[in-house]
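Novice: sharing a model prediction with you, sequence too.
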Amino acid sequence: MCLWEPRHERDCGGGWCENEGIAASHQVPKGAPVMIAQPLTGFDRTPEHAFVHINRERCAGCQECIIRCPTGALTLDSENWIAQANDNLCVGCRQCERVCPFTAVAVTGPVVVAARQEPAPLHFDSILGETGEVRQGFSDWPHALLEADRCLNCPDPTCMEGCPAHNDIPGFISAIRERNLEKSHEILQETSILPDVCSRVCDQSVQCEGACSWALAGERPVSIGLLERFVADNRTVPAVKRAWKDGHGLSVAVVGSGPAGCAAAWELLQAGATVRMLEKDAVPGGVLQWGIPSFTLPDAPMRRPIEALLNAGLRLQTSCSVGRDISLDALLADNDAVILAHGASQPIVPPIPGRELDGVEDAREFLERGKQALRDGRSLPEVGAGAHVLVLGGGNTAMDVARTVRRFGGEVTTVEWMDERFARVRPDELEEARGEGVTIRFTTTVERLAGIDGLVCSALLRRTRQDRVDRLPKVLGGVPERVIVSRVIFALGYRVDSELAVDFVNLPLPRIDQSRTIPDRRWTASGIPSKSPAQVGSQALRREVGLAVAASPTRGGWWVRFRSGSTKPNSFFRTTWWQTLWRRQAAGGLAAAPTSYDDRVWVAGDALVGPSTVVGSMAQGREAARAVLKMRPTREPIPFGPSARRAN
Ligand code: SF4
Ligand code: SF4
Ligand code: SF4
């Protein structure tokens, strides 16, 4: 089998090996499918170019660089069997340099790429009561086309590795270049049912854009998120297509209506299955509904997936909690399979003295209340003018909370014990929060909260120091600082509802306390804790592997061989937690975890891997549904379950 099995027809010149040189070099049987680099046509080359130096002594003619060069600047000198470069075509993307297994390529000179197109940020006269979307998208074709033109249509698109759903990014961007939004949407829909949501809430800087070739070459990446949003905003996301295929006759219960649950239901309905969805809250949507403010995710894209599913025949039951209102055994008696996609919505509350005082609440409680009040045009006096709100945490949830408080008029300070350089927060979110008047204090932690008559009134803060990303911050000594507060909100993230996961399906839960491990933000944006004994899905793992590879300082090209299965991680990776993930990946894990109920109960999304990304959960929900469709479990007497376990 060929080393370069095409991921997409686009990658391959006809789908069959036409280059005997490559075939010989990779010992590919003649005629086996192989990926041939398609030189980019119509690329706007400038007189400026970079310089490619091929070390003739080191080059083995393996053509790893040639098949990746997006501009056709590299070819094979078949007489000497080494790579040769046409500098005039080189844009300096450094992909060749990065992948050469023999470090025979060096690129010097400029990175030749046009300036990144970005819409001007929206400025409100006053953000009081404002629910309008802060981040703007491309409003016209010229800007979208200029940005689409920055994409190199890379033959080996690292951006796809960075996207947890593995969207065909060069494919959908090429369709934009052809001004064909219909086609662009179709390409996106192969892997994503939530392009309008993901393009707004994904942290692209550590996902697709963080892995874009331009970013890896030190330039500003293609605005993939904005282009995806341009497609989603200008062409309605297609409805669920009922195909009545492999799911016909199958009845599946999906627990949870967040991204993973919706994606699972979408996949099952498309296949013709009957789907019943249970949501413990009164309003469906999961984290999209309660956890993301309207100024980041407006109501229309947030509600669209559920509306589309209802139109396709979904049976939705709200205010119904598994364990409280219905048992898992009852669900199994009525359905062939159950997919648990109940998310991770339990707030993390550290044991800080004073947390039991009045005026102290958690982020979920506040975000839900705040979102509804803003929607209704009501005020919240406790966080209104004159209030001094302290938010614990410096991640995206903390920023959402703080920015919501600002919309009610209160003064707000967030404290985060990590250094700003290592904090797990979207850079644009941080900038926007500061612009809206939020005071953000990194390397600061809360020692205790104090109150008068049971009501919180002050907090003792201490400074911390963190020098390295893989080291916990140190709390510094000295006299603590006292600050006056009228309200405290814990926004330190969420964890899996352990009651459901452990008591009902005996899940190997991810570590709940992530505060003891601080791996590189770039590797953990999916929320997978390091050194975890958890069983995690291969979709999520692939994402980690992709980013680890993309971020790897190793230029030896070992990862090329790793992907072909002919090598093991190098010493850099052998010494890291990543090895554990690699082993599981190599063993070919499943994208969603089956449970002790055999193939009848599946777990996907945040419920499996802990707090993660919307797009990662969506991808896992789809995989769980595909696993159910493949296995086609049937209703039979339950071999073992909670009641059986209790009996034992
Ligand atoms: S730097 Fe990029 S464009 Fe230039 S030869 Fe290498 S892969 Fe091709
Ligand atoms: S789904 Fe998210 S990570 Fe994937 S391409 Fe879209 S914005 Fe990027
Ligand atoms: S988005 Fe970046 S990595 Fe992806 S194909 Fe375009 S230039 Fe290459």
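Specialist: Cool, got the structure. Numbers count the residues shown, from 1 in each chain. Ligands and ions are numbered 1, 2, ... in the order given.
Novice: and residue 123, how far from residue 409?
Specialist: 18 Å (CB to CB, to the nearest Å). For glycine as for every other residue, the C-beta is placed from the backbone atoms N, C-alpha and C.
Novice: can you check residue 416 too?
Specialist: For residue 416, the distance to residue 409 - CB to CB - is 23 Å.
Novice: also residue 226?
Specialist: For residue 226, the distance to residue 409 - CB to CB - is 31 Å.
Novice: and residue 133, by the same measure?
Specialist: 20 Å.
Novice: the two: who's more crowded?
Specialist: residue 409 (18 against 15; other CB atoms under 10 Å).
Novice: tally of neighbours for the closest residue to that one other than its chain neighbours?
Specialist: In space, and not counting its chain neighbours, residue 409 is closest to residue 385: 4.1 Å by CB to CB, 6 or more residues apart in numbering. A count of nearby residues for residue 385, using other CB under 10 Å, gives 11.
Novice: ok, residue 385 touching residue 406?
Specialist: No - counting by CB atoms under 8 Å, residue 385 stays clear of residue 406, with 11.0 Å between them.
Novice: could you tell me how many residues sit around the residue of the stretch 351-500 of the chain found nearest ligand 1?
Specialist: Closest contact between the stretch 351-500 of the chain and ligand 1, by CB to the nearest ligand atom, is at residue 427 (26.4 Å). Residues near residue 427, counting by other CB under 10 Å, number 11.
Novice: and for residue 70?
Specialist: 24.
Novice: could you look up the SS state of it?
Specialist: Each residue gets one of three states, and residue 70 gets coil by DSSP: H, G, I helix; E, B strand; the rest coil.
Novice: check contacts around residue 412.
Specialist: Residue 412 sits next to 383, 388-391, 402, 405-406, 437-439 when contact means CB atoms under 8 Å, 6 or more residues apart in numbering.
Novice: ranking by neighbours, what's the top pick from those?
Specialist: When neighbours are counted by other CB under 10 Å, residue 391 leads these with 31 neighbours.
Novice: wasn't that one part of a helix?
Specialist: No - counting by three-state DSSP, residue 391 is not part of a helix but strand.
Novice: need the residues that contact stretch 75-82.
Specialist: 21, 54, 56, 59-61, 63, 66, 83-84, 86.
Novice: list just the nearest of these to residue 359.
Specialist: Comparing those against residue 359 with CB to CB places residue 66 closest, at 64.6 Å.
Novice: quick one: contacts for the nearest residue in space to residue 131 that is not next to it in sequence?
Specialist: Closest residue to residue 131 apart from its sequence neighbours, by CB to CB, 6+ apart: residue 294 at 4.4 Å. Residues near residue 294 by CB under 8 Å, 6+ apart: 131, 133, 371, 374-375.
Novice: give me the element residue 294 is part of.
Specialist: Here residue 294, judged by DSSP states H and E, is contained in no helix and no strand.
Novice: looking at the contacts of stretch 75-82, which are in strands?
Specialist: 54, 83-84 (DSSP state E).
Novice: TSV please, covering these and showing pLDDT and neighbour count.
Specialist: Shown next, in TSV, are the ones in strands among the contacts of stretch 75-82 (pLDDT from 0 to 100; neighbours: other CB atoms under 10 Å):
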residue	pLDDT	neighbour count
54	95	19
83	96	26
84	96	17
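Novice: what's the closest of these to residue 254?
Specialist: Distances from residue 254 to those, taken by CB to CB, are shortest for residue 83, at 51.3 Å.
Novice: so how far is residue 194 from residue 201?
Specialist: Relative to residue 194, and taking CB to CB, residue 201 is found at 9 Å.
Novice: need the residues touching each of those two.
Specialist: Contacts common to residue 201 and residue 194, judged by CB under 8 Å, 6+ apart, are residue 614.
Novice: for those two, indicate the residue with more neighbours.
Specialist: Neighbours per residue, other CB under 10 Å: of residue 201 and residue 194, the larger number sits with residue 194, 27 against 23.
Novice: distance of that one relative to residue 184?
Specialist: Computed as CB to CB, the residue 194 to residue 184 distance reads 15 Å.
Novice: sec struct for residue 425, please.
Specialist: Taking three-state DSSP, the label given to residue 425 is coil.
Novice: wait, what's in contact with the nearest residue to residue 231 once chain neighbours are set aside?
Specialist: Sequence neighbours aside, residue 184 is the residue nearest to residue 231 in space, at 4.6 Å (criterion: CB to CB, 6+ apart). Contacts for residue 184 were tallied using CB under 8 Å, 6+ apart; they are 172-173, 175-176, 231, 235.
Novice: biggest helix in this structure by residues?
Specialist: helix 614-631 (DSSP state H).
Novice: that one close to ligand 2?
Specialist: Yes - Helix 614-631 reaches ligand 2 (CB under 6 Å from any ligand atom) through residue 615.
Novice: same question for that helix: list its buried residues.
Specialist: 614-629 (16 or more other CB atoms under 10 Å).
Novice: what's the ChimeraX line that selects buried ones from the contacts of residue 294?
Specialist: Selection of buried members from the contacts of residue 294 for ChimeraX, criterion 16+ other CB under 10 Å:
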select :131,371,374
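Novice: in JSON lines, list the contacts of residue 294 along with secondary structure, distance to residue 422 and pLDDT.
Specialist: Formatted as JSON lines, those follow (DSSP: H, G, I helix; E, B strand; the rest coil; distance: CB to CB, whole Å; pLDDT from 0 to 100):
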{"residue": "131", "secondary structure": "coil", "distance to residue 422": "32", "pLDDT": "87"}
{"residue": "133", "secondary structure": "coil", "distance to residue 422": "29", "pLDDT": "91"}
{"residue": "371", "secondary structure": "helix", "distance to residue 422": "29", "pLDDT": "94"}
{"residue": "374", "secondary structure": "helix", "distance to residue 422": "32", "pLDDT": "95"}
{"residue": "375", "secondary structure": "helix", "distance to residue 422": "35", "pLDDT": "93"}
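Novice: dump the contacts of residue 294 into CSV; add distance to residue 245 as well.
Specialist: Below are those laid out as CSV (distance: CB to CB, whole Å):
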residue, distance to residue 245
131, 41
133, 38
371, 39
374, 43
375, 40
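Novice: what is the nearest of the contacts of residue 294 to ligand 2?
Specialist: Closest approach to ligand 2 among those (CB to the nearest ligand atom): residue 133, at 15.9 Å.
Novice: residues contacting the longest strand belonging to the chain, please?
Specialist: Using DSSP E, we find that the single longest strand of the chain is strand 455-465. When contacts are defined by CB under 8 Å, 6+ apart, strand 455-465 is touched by residues 354, 357-360, 390, 415, 417-419, 441, 443-451, 473-476, 478, 480-488.
Novice: tell me the first helix or strand C-terminal of it.
Specialist: Counting by DSSP H and E, what follows strand 455-465 is strand 474-475.
Novice: residues in contact with that following strand: which ones?
Specialist: Outside strand 474-475, the residues within contact range by CB under 8 Å, 6+ apart are 417, 445, 462-466.
Novice: note down every partner strand of that strand and its orientation.
Specialist: Its sheet considered, strand 474-475 pairs with strand 455-465 (antiparallel) by DSSP bridges.
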